[in-house]
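**Student:** Pasting the sequence and the predicted model now:
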Amino acid sequence: MKKLTLLILSVLLSAGLSAAEITLKINKKYLNFPISNAQDRKKMEFNPDGHDTWSVVVRLAPEHADYWVFYDVSHLMGKNLKISFDGDEKALKQIYQADEIKDQESLYQEQNRPQFHFSTKRGWINDPNGLVYYDGEYHLFYQHNPMEREWENMHWGHAVSKDLLHWEELPTALYPDKLGTMFSGSAIIDYKNTAGYNKGGKPAMIAFYTAASADRQVQCMAYSLDNGRTWTKYDKNPLIDSKEKWNSQDTRDPKVFYHDPSQHWVMVLNERDGHSIYTSGNLKDWTYQSHVSGFWECPELFELAVDGDQNNKKWVMYGATGTYMIGSFDGKKFTPEAGKYFYNAGHLYAAQTYSNIPDEDGRRIQIGWGRIPQGDMPFNGMMMLPTELTLRNTKDGPRLFSVPIKETEKLFSKVGSWKNLTAAKANELLRQYSDKDKLRIKTKIKLSHATDAGFNLYAQRMISYDINSNMLNGMFYSPQDPTSMELSADIYIDRTSIEVFFDNGIYSSYLDRKPDKNNTEGYHFWGNNIEILELEVYDVKGIW
């Protein structure tokens, strides 16, 4: 009886406790939040007048802040916003409104800020989402935790660009809701008004995304009529709830596109052990069609001409990890014909391609998340260089190639060019560039007597090629000429990242830049009697 009485008393006391609250009349553009790594995450709920409530968990600092993050609340201007917090009321009172983000003066000048890759102003980013071109703008939505530099609280961040290089970061596009946090997805332009949202001749931009809760991951949609600046979620979400079908919570990352021959929409969806195909005539009602096992997360399915021949096309399916299959697609089923193959390895993940690229352009443009830690910064993660994907015939049949898009060339200016050098001479010439925080280097090496050779930056191996066992940067690699001792590489070095495109893009390697602090060599070719057939060095313009 005593235990029962204590239990009842505990419940009554708990019920009487309430979260700390503040109510703000929004009259400034930003809310600034102090974050402390020493604090445990506590729930924070936002309840704005006339808008849906959403919540996050956050390490809010009651006193000393390790760094600051922000929300752009310009869409709530003039409205009351109630914020409740399950933690220290003193921490809640540290939040303040301003027309500038805290530490604005250091923005893009931070020590580890990537200089020619996209990174968000504050917080964490991972997968690119909703890559779509419309009305002169490339849209980059992305997985975003605006409240910390670690993964959590998934929103859709948003940035736009005219050239895929220089980005304008916009306010958050999608916030968590009662169905869950906003996981990855895609976006299309509904020119035919199949979903019924077009207005006054304006086609809707429609986003498809996963809402992730503790119990399940369901597929949803939202639409925008102002070029992605504001969004309205479909009032009958979710579109697909397939947990019971697969007995799995891993049902996420919808990729949607229109299949002209079939005159219907296609959704490729990661489910359990691979990619499922769904079809729809109105973007709201979806029918399961088929499944391909062997992929994980962030599905892609698209058609490419082999060597540019429009009469010889193949479909490519891939997942988040850099492997792909080549095959055919009839609008309902993908039939693998070759693969799986690697086309990249390392720290690139969850790469996605753009929809609605104009026909006169015709490129298949990809952006991937760089799983590159930024250290003790108020931001974390980055996007790697946008690349163009092509299918080209090789000695082993068609293969996927990836090279930086042509627009990147305007960032680089050649400052040195040499041919037929010894490794020692090349290392001497490169010494003057060793401390550059950003650089591009193109080279072709001939291994000669060596079976193992490479190229380092302060002892970090950017190229490590063992031609005896056919291993290149940790992956099996067979050159087009099986007896060739030559290898070409195009290397892009930023403050925290290294991207290496081998032999015109047939294979690429993504590294986080972590030189040995005790090494003094700088750039260093190594290997037994190797020859540097070509060497070019380029200065890099920053994008900020």
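**Tutor:** In hand now; what should we look at?
**Student:** Show residues contacting the helix or strand that contains residue 316.
**Tutor:** Taking DSSP states H and E as the criterion, residue 316 maps to strand 309-318. If you take CB atoms under 8 Å, 6 or more residues apart in numbering as the criterion, strand 309-318 is touched by 268, 275, 292, 295, 299-306, 324-329, 334, 336-337, 351, 389, 391, 398, 400. C-beta coordinates here come from the backbone N, C-alpha and C atoms, glycine included.
**Student:** Please apply the same query to stretch 470-483.
**Tutor:** For stretch 470-483, the external contacting residues (CB under 8 Å, 6+ apart) are 342, 345-346, 394-396, 461, 463-466, 486-487, 500, 502-503, 506-507, 509.
**Student:** I'd like to know which of these are buried.
**Tutor:** For these, a burial check counting by 16 or more other CB atoms under 10 Å picks out 342, 345-346, 461, 463-465, 486-487, 500, 502-503, 506-507, 509.
**Student:** In the stretch 101-250 of the chain, what residue spans correspond to helices?
**Tutor:** Chain-ordered helices for the stretch 101-250 of the chain, with DSSP state H, counting those that start in this stretch as the definition, fall at 243-246.
**Student:** Throw together a PyMOL command that grabs the buried residues out of the contacts of strand 309-318.
**Tutor:** This is how PyMOL selects the buried members of these, with burial counted by 16+ other CB under 10 Å:
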select buried, resi 268+275+292+295+299+300+301+302+304+306+324+325+326+327+329+334+351+389+391+398+400
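**Student:** so where is the chain shaky, pLDDT-wise?
**Tutor:** For the chain, applying pLDDT under 70 flags the ranges 1-18.
**Student:** quick one: residue 167 and residue 229, what's the gap?
**Tutor:** Noted for residue 167: a distance of 15 Å to residue 229, by CB to CB, to the nearest Å.
**Student:** Show me which of those two is the more surrounded one.
**Tutor:** For residue 167 against residue 229, the residue with the higher neighbour count under other CB atoms under 10 Å is residue 167, and the figures read 20 against 14.
**Student:** which residues does the more buried one contact?
**Tutor:** Residue 167 makes contact with 118, 140, 159, 160, 161, 543 under the criterion CB under 8 Å, 6+ apart.
**Student:** Can I get these in a markdown table including distance to residue 449 and neighbour count?
**Tutor:** Supplementary listing: the contacts of residue 167 in a markdown table, determined by distance: CB to CB, whole Å; neighbours: other CB atoms under 10 Å:
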| residue | distance to residue 449 | neighbour count |
| --- | --- | --- |
| 118 | 43 | 25 |
| 140 | 47 | 26 |
| 159 | 49 | 21 |
| 160 | 52 | 19 |
| 161 | 47 | 18 |
| 543 | 42 | 16 |
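**Student:** Of those residues, which is the nearest to residue 33?
**Tutor:** Set against residue 33, the nearest of these by CB to CB is residue 159 (20.7 Å).
**Student:** how close does that closest one get to residue 120?
**Tutor:** According to CB to CB, residue 159 stands 8 Å off from residue 120.
**Student:** swap in residue 52?
**Tutor:** For residue 52, the distance to residue 120 - CB to CB - is 23 Å.
**Student:** Between these two, which has more neighbouring residues?
**Tutor:** For residue 52 against residue 120, the residue with the higher neighbour count under other CB under 10 Å is residue 120, and the figures read 23 against 12.
**Student:** Spit out the contact partners of the more buried one.
**Tutor:** Taking CB under 8 Å, 6+ apart as the definition, contacts of residue 120 comprise 142, 144, 157, 159, 169, 379, 381.
**Student:** try 6 Å this time
**Tutor:** If you count contacts by CB atoms under 6 Å, 6 or more residues apart in numbering, residue 120 has them with 157, 379.
**Student:** Check which element follows the strand holding residue 316 along the chain.
**Tutor:** From strand 309-318 onward toward the C-terminus, using DSSP H and E, the following helix or strand is strand 323-329.
**Student:** Could you tell me the angle between that next one and strand 309-318?
**Tutor:** In this structure, strand 323-329 runs at an angle of 130 degrees to strand 309-318, with axes from the mean of the first three to the mean of the last three CA atoms, to 10 degrees as the basis.
**Student:** and strand 323-329, what does it pack onto?
**Tutor:** Helices and strands touching strand 323-329, by 3 or more CB pairs under 6 Å, 6 or more residues apart in numbering; DSSP states H and E, are strand 309-318, strand 334-342.
**Student:** returning to that earlier point: ok, so of the buried ones among the contacts of stretch 470-483, who is nearest residue 205?
**Tutor:** Relative to residue 205, and with distances defined as CB to CB, the nearest of these is residue 346, at 32.5 Å.
**Student:** could you check the distance from that closest one over to residue 87?
**Tutor:** Note on residue 346: its distance to residue 87, by CB to CB, is 38 Å.
**Student:** repeat for residue 137
**Tutor:** For residue 137, the distance to residue 87 under the criterion CB to CB works out to 39 Å.
**Student:** Settle it for me: which of these two has more neighbours?
**Tutor:** Set side by side, residue 137 and residue 87 show more neighbours around residue 87, with 20 against 15, by other CB under 10 Å.
**Student:** Which residue, other than its chain neighbours, is closest to the more buried one?
**Tutor:** Nearest-residue entry for residue 87: residue 42, 3.5 Å, with adjacent residues in sequence omitted and distances by CB to CB, 6 or more residues apart in numbering.
**Student:** Can you report how many residues lie near that neighbour?
**Tutor:** The number of residues near residue 42, taken as other CB under 10 Å, comes to 18.
**Student:** And residue 213, by the same measure?
**Tutor:** The criterion is other CB under 10 Å. On that basis, residue 213 has 13 neighbouring residues.
**Student:** Check residue 312 too.
**Tutor:** Summarising burial for residue 312: neighbours were counted as other CB under 10 Å, giving 13.
**Student:** cool, and residue 90?
**Tutor:** A count of neighbours around residue 90, defined by other CB under 10 Å, yields 12.
**Student:** could I get the strand holding residue 316 in CSV with only the CA atoms?
**Tutor:** In CSV, the C-alpha atoms belonging to strand 309-318 read as follows (Å, rounded to 0.1, in the frame of the first residue of the first chain):
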residue,chain,number,x,y,z
ASP,A,309,24.1,7.7,-78.9
GLN,A,310,20.3,8.4,-78.5
ASN,A,311,19.5,5.1,-80.2
ASN,A,312,21.4,3.2,-77.5
LYS,A,313,20.2,4.0,-74.1
LYS,A,314,20.4,2.1,-70.8
TRP,A,315,18.9,2.6,-67.3
VAL,A,316,21.0,3.1,-64.3
MET,A,317,19.9,2.2,-60.7
TYR,A,318,22.0,3.1,-57.7
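**Student:** Give me the angle between that strand and strand 334-342.
**Tutor:** Regarding strand 309-318 and strand 334-342, their directions subtend 70 degrees when assessed with the same axes, to 10 degrees.
**Student:** and strand 309-318, which strands flank it?
**Tutor:** Here the strand partners of strand 309-318, with direction, are listed using DSSP bridges: strand 300-306 (antiparallel), strand 323-329 (antiparallel).
**Student:** Confirm that residue 409 sits in a helix.
**Tutor:** Yes. Membership of residue 409 in a helix is supported by DSSP: H, G, I helix; E, B strand; the rest coil.
**Student:** quick one: contacts for it?
**Tutor:** Residue 409 makes no contacts at all, as judged by CB under 6 Å, 6+ apart.
**Student:** Repeat that for residue 391.
**Tutor:** For residue 391, the set of contacting residues under the criterion of CB under 6 Å, 6+ apart consists of 304, 306, 314, 398.
**Student:** I'm done for today, thanks for sticking with me.
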